[in-house]
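*Asks:* Any chance you can model this:
(2 chains)
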Amino acid sequence: MEGLAGYLIPFVTFAGIYAVLSLGLNMQWGLTGLFNIGIVAFAGAGAYTSALLTRNPSDIFLLGLGLPFPVGLLGAMLVAAILALFVGWITIRLRADYLAIATIGIGEIVRLVLKNEGWLTNGVRGLDRIDRPIIPRGDYGSNLVYMIVVLLLVLAVYLLFERARRSPWGRVLRAVRDNELTAMAAGKNVVSYRLQAFVLGAAVMGLAGALWGHFVGFISPEAFMPMQITFLTWVMLIAGGSGNNKGAILGAVVIWTIWSSSQILTGYLPNELATQAGAIRMLLVGVMLILVLLYRSEGLLSEGHQREQDIRRQRESGG
Amino acid sequence: MAEILQLLIFGVVLGSILALGAVGLSLVYGILRFAHFAHGDLMTLGAYFALTLIVSLQLPFFLALPVSAAATILVALLADKLVYRPLRRTQPVILLIASVGIALILRSAIQLIWGSRVHTYGQGIQMPYRIADITIKPDHILIVVGSIALITAMHFFLKNTKIGKAMRAMSDNRDLAQVTGIDTDRIILWTWGIGILLASCGGMFLALDTQLHPVIGWRLLLPIFAAAILGGIGRPYGAIAGGLVIGLAQELSTLAISPAYKPAVAFALMVVVLIVRPKGIFAGRSI
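*Replies:* So this is what the prediction gives:
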């Protein structure tokens, strides 16, 4: 029992963190059609911000304010949002591909800053001893309590985003995605709506990064495997059903299960291949992404299906 | 003064490599109408093919170059047949995501086949030419001359051959080109051929100049996109100038800021261009 829980709790926690990332991407891509392949930049900025705000003071690097956990999370969201505001303000009025390229750029720059500005981030050595709320790491029940915190936050983000999706605001986002000109003709400020969705999605990605940092306890520029975080999130959202918040969560759970079991499988590899396990698993992510695009591009829970349900529910409640 | 001249030389070398990548990227964008994110990783693949030919089969560089380029083109055509072609009728951004998937597959495959350690072509130590305080490696001359030759060849191909003219027509207006009886599928194959020929040679030149590891191409993606955007994306001639501007800017920036931030220079330039002239500094006619 101990052993099973010892495996299951971190598994669910990570799945939850990825669900938050996937929900953030759904706000940007799924609802609004904004392409972001710099997810790791927003998550990384969030993780570092929260770590620096909550960690005990250190004489090696500047911050370490010892503030409470919720302040760290809010700070993470704020910094990720400001970063998104900066990128978005420049590129969001342009074509989708320019935004995509700009998000690679911001990913690269965040990585360079984290690596080279040792006075702030401790450089490549990273930040350690980032603690958890309520029960400190290592104490009995710490993992379980943290998992519950993560799951509650997944629920909170889901409820908020679901409400946003059904609101008139969410309807405008879909209009902007599907037909920019019509939205404009209806008097909507397309650029402003896009920017709002981009910033909101990025803030949630910052939150996910912070949750990751507090869970693992150690972050460094290299620990934030940019390929893994960014592309796993993409596969999760597309496989789950882009445009559908439930799909985003389902995709995160399904793909995280496949990803984790691939780790078990690569454990059986002969020694000479074992060092290549990471590459084999990334190959798998690429293949999954392509297969989903080719054969099931609407995902497991499609947006259309969700819309039908919404309409049916409206009819029933309206009589 | 000597330092600036030396940086200018490095800048032209890097700029030639970036131009080779950016021209291909711009061609693919102009004709297939999507941002091809696997371009950098195809550059890496070309460089690794050459590594095998040079190190294992002891082939000289100038023989390894065309063979590896051909092999890389075949890989690109295979990706087109299996992935891009079935998705051609969907939105361009779906093709973009697919190309990200291809990039991921290529990079992991490279890591699986050749390992993640650093490689060089290891052709012994070259005696650099010294003029006053400036040093020039023979490789640098090879890279710049090779790039000029390749781009000139592309220029004559686009201007004078029937296929080149059809490519330009398709870049201007795909439907109109189809109506006039241009076989668009065949033009797409040629576009991959030329784009990836230039890109894979760029990758091999980069490996010749520096070292080879699985992420060089991905790291190059940002500067080559910046170069293509600077030149006005979809316009190969603009991309040549864009490549040189980015290459020179990256090298000269080391006079003022830490070399660690070289990649950020490309991004900063791109951002400035996007704000000031979103259609590129050489906006005007297309290819």
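
*Asks:* what about the helices in the chain?
*Replies:* Picked chain A for this. Taking DSSP state H as the test, the helices found in chain A are A:2-25, A:39-54, A:69-91, A:96-116, A:118-121, A:142-166, A:168-178, A:180-185, A:190-216, A:226-240, A:245-266, A:271-274, A:277-295, A:303-318.

*Asks:* That was the other one, I meant chain B.
*Replies:* For chain B, applying DSSP H gives helices covering B:2-32, B:39-51, B:61-79, B:85-87, B:92-114, B:138-160, B:162-172, B:174-179, B:184-209, B:216-230, B:236-252, B:262-276.

*Asks:* Serialize these to CSV and add fields for distance to A:P136, mean neighbour count and mean pLDDT.
*Replies:* C-beta here means a position set from N, CA and C on the backbone, and glycine is covered the same way. Output for the helices of chain B, formatted as CSV (distance: least, Cβ to Cβ, whole Å; neighbours: other Cβ atoms under 10 Å in any protein chain shown; pLDDT from 0 to 100):
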stretch, distance to A:P136, mean neighbour count, mean pLDDT
helix B:2-32, 50, 24, 90
helix B:39-51, 43, 28, 95
helix B:61-79, 50, 19, 94
helix B:85-87, 50, 15, 90
helix B:92-114, 38, 22, 90
helix B:138-160, 56, 16, 90
helix B:162-172, 61, 19, 86
helix B:174-179, 62, 13, 82
helix B:184-209, 48, 24, 92
helix B:216-230, 39, 27, 88
helix B:236-252, 46, 25, 89
helix B:262-276, 38, 19, 82
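
*Asks:* Make sure A:T182 is actually in contact with A:A175.
*Replies:* Yes: A:T182 is in contact with A:A175 according to Cβ atoms under 8 Å; the separation is 6.4 Å.

*Asks:* So between the two, which is more surrounded?
*Replies:* Shown here are A:T182 and A:A175; by other Cβ atoms under 10 Å in any protein chain shown, A:A175 has more neighbours (18 against 11).

*Asks:* Going by mean pLDDT, which of the helices of chain A comes out lowest?
*Replies:* Between these, the one with the least mean pLDDT is helix A:271-274; it has a mean of 68.

*Asks:* need the contact list for residue 87.
*Replies:* I'll assume chain A. A:G38, A:L99, A:A102, A:T103, A:I106, A:F198 (Cβ atoms under 8 Å, 6 or more residues apart in numbering or on different chains).

*Asks:* My question was about chain B, not that one.
*Replies:* Residues in contact with B:L87 (Cβ under 8 Å, 6+ apart) are A:L293, A:L294, B:I94, B:L95, B:A98.

*Asks:* per-residue confidence for B:G284?
*Replies:* Predicted confidence (pLDDT) at B:G284: the value is 49.

*Asks:* brain fart, B:Y261
*Replies:* If you check B:Y261, the pLDDT there is 84.

*Asks:* Relative to B:P92, how far out is it?
*Replies:* B:Y261 is 32 Å from B:P92, where distance means Cβ to Cβ, to the nearest Å.

*Asks:* got it, and B:G30?
*Replies:* Using Cβ to Cβ, B:G30 is found at 12 Å from B:P92.

*Asks:* Likewise for B:P86?
*Replies:* B:P86 sits at a distance of 15 Å from B:P92 (criterion: Cβ to Cβ).

*Asks:* Also A:G286?
*Replies:* A:G286 sits at a distance of 20 Å from B:P92 (criterion: Cβ to Cβ).

*Asks:* got it, and A:Y295?
*Replies:* Using Cβ to Cβ, we find A:Y295 at a distance of 20 Å from B:P92.

*Asks:* Pick the one among the contacts of B:L87 closest to B:T161.
*Replies:* Each of the contacts of B:L87 was checked against B:T161 using Cβ to Cβ; the closest is B:L95, at 26.7 Å.

*Asks:* List the contacts of the closest residue to the closest one other than its chain neighbours.
*Replies:* Leaving aside its sequence neighbours, B:L95 sits nearest to B:F34 (Cβ to Cβ, 6 or more residues apart in numbering or on different chains; 4.0 Å). Counting by Cβ under 8 Å, 6+ apart, B:F34 makes contact with A:D97, B:V28, B:P92, B:V93, B:L95, B:L96, B:S99.

*Asks:* and B:M127, how many neighbours does it have?
*Replies:* By the criterion of other Cβ under 10 Å, B:M127 has 8 neighbours.

*Asks:* Can you give me every residue that contacts the residue nearest to it when sequence neighbours are not counted?
*Replies:* Using Cβ to Cβ, 6+ apart and skipping residues adjacent in sequence, the residue nearest B:M127 is B:P138, 7.9 Å away. Contact analysis of B:P138 by Cβ under 8 Å, 6+ apart lists B:Q126, B:M127, B:P128, B:Y129.

*Asks:* isn't the third one right next to B:D139, touching?
*Replies:* No: in this structure, B:P128 sits apart from B:D139 without contact. The criterion is Cβ under 8 Å, and the distance is 9.2 Å.

*Asks:* wait, what's in contact with B:I54?
*Replies:* B:I54 sits next to B:P60, B:F61, B:A64, B:Y121, B:G122, B:Q123 when contact means Cβ under 8 Å, 6+ apart.
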